[in-house]
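Curious how this folds, go ahead:
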Amino acid sequence: MNAGAMTRMLDRLAEKGLIERNRCPDDRRATRIALTPSGKLAVSPINDVLADTLNDALRGFDRDEYTTLIGLLKRLLANTRTMPAYRAPAAHKTRRAAAPTRSVARR
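As a prediction, this is how the structure comes out:
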């Protein structure tokens with residue numbers, strides 16, 4: 001997301017009374033964003049919705065499968081942290097995910 005898009009999004013949230021902007025007293029170039037009481041009320045159900053969604057998505061996974069999934073997701077996240085923020089797409093090629101470098105055992 002670029003700076004202009006972020007500003008527009010924050011403007012909309014401020015217009016709805018969900019956030020407030022305050023200049024940082026230590027660095028006048030910085031602005032602190034805080035939820036208003038209305039904003040806190042609006043986001044309060046999010047944790048319950050996320051928990052319900054994850055529980056639904058993980059239904060039927062046993063402990064070993066869950067542990068394997070978490071390990072794989074941690075590796076995936078670590079890989080993304082070393083990627084450049086943006087790569088221009090090749091002009092004539094369609095990008096596909098790289099094949100794994102080693103075989104994956106199937107059950």
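
And the helix or strand containing Asp11, what's buried?
Assigned by DSSP states H and E, Asp11 falls within helix 3-15. Buried residues in helix 3-15, counted by 16 or more other C-beta atoms under 10 Å: Leu13. C-beta coordinates here come from the backbone N, C-alpha and C atoms, glycine included.

what's next to the top helix by length along the chain, contact-wise?
Identified as the longest helix of the chain according to DSSP state H is helix 63-81. For helix 63-81, contacts defined as C-beta atoms under 8 Å, 6 or more residues apart in numbering pick out 58, 61.

domain ranges for the chain?
Taking automatic domain parsing as the reference, the chain has its domains at 1-44, 45-82.

that older thread, buried stuff in whatever helix or strand comes next after the helix holding Asp11?
Following helix 3-15 in sequence order, the next helix or strand is strand 19-23 (DSSP H and E). Using 16+ other C-beta under 10 Å as the test for burial, strand 19-23 gives Ile19.
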